[in-house]
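Student: Here is a sequence with its predicted model. Questions after.
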Protein chains: 2
Amino acid sequence: MDPEAEAKHTGTAARLQARRGEITGSNTGIATGVYCNLVVVPQEFAADFRQPCLRNPVCLPLLEQTDPGARKSKLAAGSDISTDIPRYNNYQDGKLHSAGVSNITAQWSDEHVGFLLGCSFTFEIGLAAADPRLTARNMAEGKAPPVYVTSVQLNPSGVFTGACMVVSMRWYRKDDIPRVRAVTARFSRQHGEPVAWGWEGAEYLGVADRLKAKAVDFGEWVEPVDGEVPVFWGCGVTGEIALRAAKIPGVSMTHYSGTMFVTDLTAEEVENRGPRLEPLSPAITEDARDNGLA
Amino acid sequence: MDPEAEAKHTGTAARLQARRGEITGSNTGIATGVYCNLVVVPQEFAADFRQPCLRNPVCLPLLEQTDPGARKSKLAAGSDISTDIPRYNNYQDGKLHSAGVSNITAQWSDEHVGFLLGCSFTFEIGLAAADPRLTARNMAEGKAPPVYVTSVQLNPSGVFTGACMVVSMRWYRKDDIPRVRAVTARFSRQHGEPVAWGWEGAEYLGVADRLKAKAVDFGEWVEPVDGEVPVFWGCGVTGEIALRAAKIPGVSMTHYSGTMFVTDLTAEEVENRGPRLEPLSPAITEDARDNGLA
């Protein structure tokens, strides 16, 4: 591989492409770094938004919470979260104000806090690496996967009450599901293994009708091949749905479904490098480890 | 309060009472230490059981995983987890073998690993302390609360697939629910705030019929007072239901619903003293904190 082609596969390259407006659609498969969903809320709601993440880690796996006003991610050198995602959504008082905008620099005030959450695009790379036959068809086609709002309620928290889990869907042969589960289970901070599978799973989640109609709530439709069944994973778009349900006042922002922030870390580094979730307290002491809590 | 009466309120006293067989029913309200659910599995399934805890922290808030064969909790000085709970259940190949036995010392082999999980008995003390009017009636009557197996599926993990969330129920006036939510939200490692409330919540969880029939799946029936509605919290009995669904081979054990292990720590110490969940890696380094992952 020539140096330029290889450079495209770093997180830095993926971020620069987005910053320059060279990518405006789904960026699945273009880089090997960990992909992230983004939710930005006014500082006064940051503590509130943290709780649904801790209570619903399959949908909302919290990787980083930025300092108020900071637009740089500690997971990505030289990054600007407000420009380095291909497209964004803006919310005003919980209502969608503008969809698919190229940056949110002007909206990101000193009073805003960003949340970066794991993303299934990260394990799509793992599936392709484990066996090219397991490559998600949406990734092979450069598409965002079909994404659905289910009827399964999140564990509520504070103002974030009444929202339902969002899932991404990929087609697999029934025989392949055990391997697909095993591969994605290793990506515990990237939604991990599926939450449901098969047509029974689709019925349970309340999305079978939309699936049969070839409709999507977010993302892009992908056609199944004979005999394939749907497999569903938790999806970070849940954060956007939770924002809408909570109707929090002021300006909030998210990435635009299917266009993600890419970090400099590999999934393995994220899995091995720290606790599952950020600690509440500033310091994790030897004492805490000794008593079995750490 | 005289010294002896006060001594009964320590975790040590509660454990000794159970060890000596002086308490065989629900031990809610007898001590101020953090209460725990118990699940013990053969060592070969320990990694498997850890995952549903991490994926379903509202039902299965992991506080401690013991070393293989160790019957001592690091959260309780001088403890023996196999004797210090009033009653236990024994499972053989996923089937209930003996229910309500006084100890599991003989069954706990060098190949067994124990999991201690947060418990709603801990926040019952918090509710009573916040306002005596909010005292859970079951606690006032020395009863375990009514416990129900819902139709809401857990996020599956490995062999622990197909199990549903279990909830404990307490009656409250509608007007009191916001305060009840706010008080219990502070007990994030003791199931936190409710997962559902009101008769609509009961319908959503699939437990309304059993509630109207004054039936319980576990625990004890508690009569509502005019105008009260049910409020539901995640419940650690979920671990026992997950064991049954997984039908794991060999001997597994749990506490008997409503009779709990009591630690030496206060809820506040648990909340403030470490990360939400145990880390995967043995050491949490400065490096991990610096990159925003810790």
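Tutor: Structure received. Keep in mind the model is a prediction, meaning the values are calculated, not measured.

Student: Output the set of residues of the stretch 101-250 of chain A in proximity to chain B.
Tutor: A:152-153, A:155-158, A:185, A:188, A:192-196, A:204, A:234 (Cβ under 8 Å from any Cβ of the partner chain). Just so you know, the C-beta spots here come from the backbone N, C-alpha and C atoms, and that holds for glycine as well.

Student: And the residues you listed, which two are furthest apart?
Tutor: Maximum pairwise distance in those, criterion Cβ to Cβ, is 30.1 Å, between A:G158 and A:A185.

Student: any idea of the mean pLDDT for the longest strand along chain A?
Tutor: Counting by DSSP state E, the longest strand found in chain A is strand A:164-173. Averaged over strand A:164-173, pLDDT sits at 98.

Student: cool, stretch A:245-265 as well?
Tutor: pLDDT averaged over stretch A:245-265 gives 95.

Student: can you pull the buried residues of it?
Tutor: A:245-246, A:248, A:250-265 (16 or more other Cβ atoms under 10 Å in any protein chain shown).

Student: again with stretch A:205-216
Tutor: Within stretch A:205-216, judged by 16+ other Cβ under 10 Å, the buried ones are A:205, A:207-208, A:210-211, A:216.

Student: With stretch A:124-141 instead?
Tutor: Per 16+ other Cβ under 10 Å, stretch A:124-141 contains these buried residues: A:124-128, A:130, A:134-139.

Student: what do you get for stretch A:38-53?
Tutor: Within stretch A:38-53, the residues that count as buried by 16+ other Cβ under 10 Å are A:38-42, A:45-46, A:49-53.

Student: just curious, which of the buried residues of stretch A:205-216 is nearest to chain B?
Tutor: Distance to chain B, by Cβ to the nearest Cβ, is smallest for A:L205 among the buried residues of stretch A:205-216, at 9.4 Å.

Student: Surely that closest one touches A:G234?
Tutor: No. Using Cβ atoms under 8 Å, A:L205 is not in contact with A:G234; the gap is 11.0 Å.

Student: Closest residue of the stretch 101-250 of chain A to chain B?
Tutor: Of all residues in the stretch 101-250 of chain A, the one sitting closest to chain B is A:N155 (4.5 Å; Cβ to the nearest Cβ).

Student: Isn't that residue up against A:L54?
Tutor: No. If you go by Cβ under 8 Å, A:N155 and A:L54 don't touch, sitting 9.6 Å apart.

Student: So between these two, which is more surrounded?
Tutor: A:N155 (26 against 22; other Cβ atoms under 10 Å in any protein chain shown).

Student: Next up, the contacts around the more buried one.
Tutor: Counting by Cβ atoms under 8 Å, 6 or more residues apart in numbering or on different chains, A:N155 makes contact with A:52, A:55-56, B:58, B:192, B:195, B:234.

Student: swap in A:I85?
Tutor: Per Cβ under 8 Å, 6+ apart, neighbours of A:I85: A:18, A:38, A:255-256, A:259-261.

Student: Do you have the strands of the stretch 51-200 of chain A handy? List them.
Tutor: In the stretch 51-200 of chain A, the strands defined using DSSP state E, counting those that start in this stretch lie at A:62-65, A:88-92, A:95-101, A:112-118, A:147-153, A:164-173, A:196-197.

Student: Columns mean neighbour count and distance to B:I104 on top of those, output as TSV?
Tutor: As requested, the strands of the stretch 51-200 of chain A are exported to TSV (neighbours: other Cβ atoms under 10 Å in any protein chain shown; distance: least, Cβ to Cβ, whole Å):
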stretch	mean neighbour count	distance to B:I104
strand A:62-65	22	37
strand A:88-92	20	53
strand A:95-101	13	55
strand A:112-118	25	38
strand A:147-153	21	35
strand A:164-173	25	37
strand A:196-197	24	35
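
Student: Out of those strands, the one nearest B:D176 is which?
Tutor: Here strand A:147-153 is closest among the strands of the stretch 51-200 of chain A (Cβ to Cβ), at 21.7 Å.

Student: distance between that closest one and the chain's centre?
Tutor: Counting by Cα atoms, centre = their mean, to the nearest Å, strand A:147-153 is centred 15 Å from the centre of its parent chain.

Student: hang on, isn't A:D48 packed against A:V159?
Tutor: Yes. A:D48 is in contact with A:V159 according to Cβ under 8 Å; the separation is 5.4 Å.

Student: any residues in contact with both of the two?
Tutor: Contact with both A:D48 and A:V159 is made by residues A:246, A:248, according to Cβ under 8 Å, 6+ apart.

Student: Got the domain ranges for chain A?
Tutor: As given by the TED database, the domain ranges for chain A are A:11-118+A:247-272, A:120-238.

Student: one step back: in the buried residues of stretch A:124-141, find the pair that's most separated.
Tutor: Of all pairs drawn from the buried residues of stretch A:124-141, the greatest distance, 16.8 Å, lies between A:A130 and A:N138 (Cβ to Cβ).

Student: Roughly how far does A:L16 sit from chain B?
Tutor: 21 Å (Cβ to the nearest Cβ, to the nearest Å).

Student: mind listing what the longest strand of chain A pairs with, with the direction of each?
Tutor: Strand A:164-173 pairs in its sheet with strand A:147-153 (antiparallel), strand A:228-234 (antiparallel), by DSSP bridges.

Student: Can you tell me the closest non-neighbouring residue to A:D131?
Tutor: A:R179 (7.2 Å; Cβ to Cβ, 6 or more residues apart in numbering or on different chains).

Student: how close does the one you found get to A:L134?
Tutor: Going from A:R179 to A:L134 by Cβ to Cβ, to the nearest Å gives 7 Å.

Student: A:V183 now?
Tutor: A:V183 is 7 Å from A:L134, by Cβ to Cβ.

Student: tell me, what's touching those two both at once?
Tutor: A:L127.

Student: tell me which residues in stretch A:179-186 are buried?
Tutor: Using 16+ other Cβ under 10 Å as the test for burial, stretch A:179-186 gives A:180-181, A:183-185.

Student: related to what we said a few turns ago, out of the contacts of A:I85, list just those in strands.
Tutor: If you go by DSSP E, the contacts of A:I85 have A:38, A:255, A:261 in strands.

Student: would you list the residues you listed in TSV and tack on distance to A:P224?
Tutor: Output for the ones in strands among the contacts of A:I85, formatted as TSV (distance: Cβ to Cβ, whole Å):
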residue	distance to A:P224
A:L38	30
A:H255	27
A:F261	29
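
Student: which of the residues you listed lies closest to chain B?
Tutor: Once Cβ to the nearest Cβ is applied, the member of the ones in strands among the contacts of A:I85 that ends up nearest chain B is A:F261, at 13.0 Å.

Student: Just give me the neighbour total for the residue in the stretch 1-150 of chain A positioned nearest to chain B.
Tutor: Nearest residue of the stretch 1-150 of chain A to chain B, counting by Cβ to the nearest Cβ: A:K74, 3.6 Å away. As a burial measure, A:K74 scores 19 neighbours (other Cβ under 10 Å).
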